[in-house]
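Enquirer: Here you go, sequence then predicted model.
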Amino acid sequence: MGVFLLPVKLCNELNALCARFWWGQTGEERKIHWKNWGVLTRSKKEGGMGFRELKDFNLAMLAKQGWRLIQDRDSLLYKCFKARYFPYCTFLEASDVPNCSYVWKSLMATQPILKKGCCWRVGDGTAIRVMVDKWIPNQVTNRVLHPPVEEEWEWRVFDLIDWRTNTWDQEEVELNFIVMMQRLFCVFH
């Protein structure tokens, strides 16, 4: 489950087997369904039994492998996949390629889940691109809302920090964003 994306039909059949077992059904004999499967798969806090929906559980296990590709860049798995499938970008920026392995297709199925939930922690800011990456907390998109038209603004969060005081360098922030806004204003007019 943590390496391959299981077919939806297989997940549904396995869920049906679990439901039949829970409801006490044997063979063709029908029992009373005291609760429907949707209620049983809710968490216990929400009044359910905490059963797993296998399709979602499979995606969660695969997303864990995707997270490893994002975090552990020294692993053999990362190095092999990086060389083969995303040599010039990150895992989150990678796209599906023709004739790829089923493992890669499975990992690509989790990419939207990871993109939705990922946000940078600033740390030293050397790897975070100001205008592209999701790094701003408490904002819907977690990124700068109006990225520039040109690609010359490839500055990093590292450039916006005053390392003597470990705070934002107000002058640098204002200067960069004012220059960017002036250039954008000129582009649109």
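Expert: Perfect, thanks for sending it.
Enquirer: Got the phi and psi for the residue of the chain most remote from its centre?
Expert: Largest separation from the mean C-alpha position in the chain: Glu29, at 43.5 Å (CA atoms, centre = their mean). Here is the backbone geometry of Glu29 (degrees, to the nearest 10): phi -70, psi 130.
Enquirer: So for it, what's the pLDDT?
Expert: Here the pLDDT value assigned to Glu29 is 74.
Enquirer: domain assignment for this structure?
Expert: 8-46, 56-117, 119-189 (automatic domain parsing).
Enquirer: ok, which stretches of the chain are helices?
Expert: Along the chain, the stretches classed as helices by DSSP state H are 8-23, 37-40, 54-71, 76-85, 102-109, 111-117, 170-188.
Enquirer: got a list of contacts for the fifth one?
Expert: With CB atoms under 8 Å, 6 or more residues apart in numbering as the contact definition, helix 102-109 has outside contacts at 3-5, 59, 62, 65-66, 69, 81, 84-85, 91, 94-97. C-beta: built from backbone N, CA, C; applies to glycine.
Enquirer: The residue nearest the centre of the chain and Cys89: what is the separation?
Expert: Nearest to the geometric centre of the chain sits Leu114, at 0.7 Å (CA atoms, centre = their mean). Using CB to CB, to the nearest Å, one gets 14 Å for the distance from Leu114 to Cys89.
Enquirer: Report the two of the contacts of helix 102-109 separated the most.
Expert: Leu59 and Arg84 (22.5 Å; CB to CB).
Enquirer: ok, back up a step: leaving out the residues flanking it, which one is nearest to the residue nearest to the centre of the chain?
Expert: Gly66 (5.1 Å; CB to CB, 6 or more residues apart in numbering).
Enquirer: what's around that neighbour, how many residues?
Expert: 22 (other CB atoms under 10 Å).
Enquirer: That one and Gln111 touch, don't they?
Expert: Yes - judged on CB atoms under 8 Å, Gly66 makes contact with Gln111 at a distance of 6.7 Å.
Enquirer: Mutual contacts of these two, please.
Expert: Phe91.
Enquirer: that older thread, and the helices of the chain: which comes nearest Gly48?
Expert: Gly48 lies closest, by CB to CB, to one member of these: helix 37-40, at 5.4 Å.
Enquirer: hmm, who's touching the closest one?
Expert: By CB under 8 Å, 6+ apart, helix 37-40 touches 15, 19, 22, 47-49, 51.
Enquirer: related to what we said a few turns ago, filter the contacts of helix 102-109 down to just the buried residues.
Expert: Neighbour counting by 16 or more other CB atoms under 10 Å classes 5, 59, 62, 65-66, 69, 81, 85, 91, 94 among those as buried.
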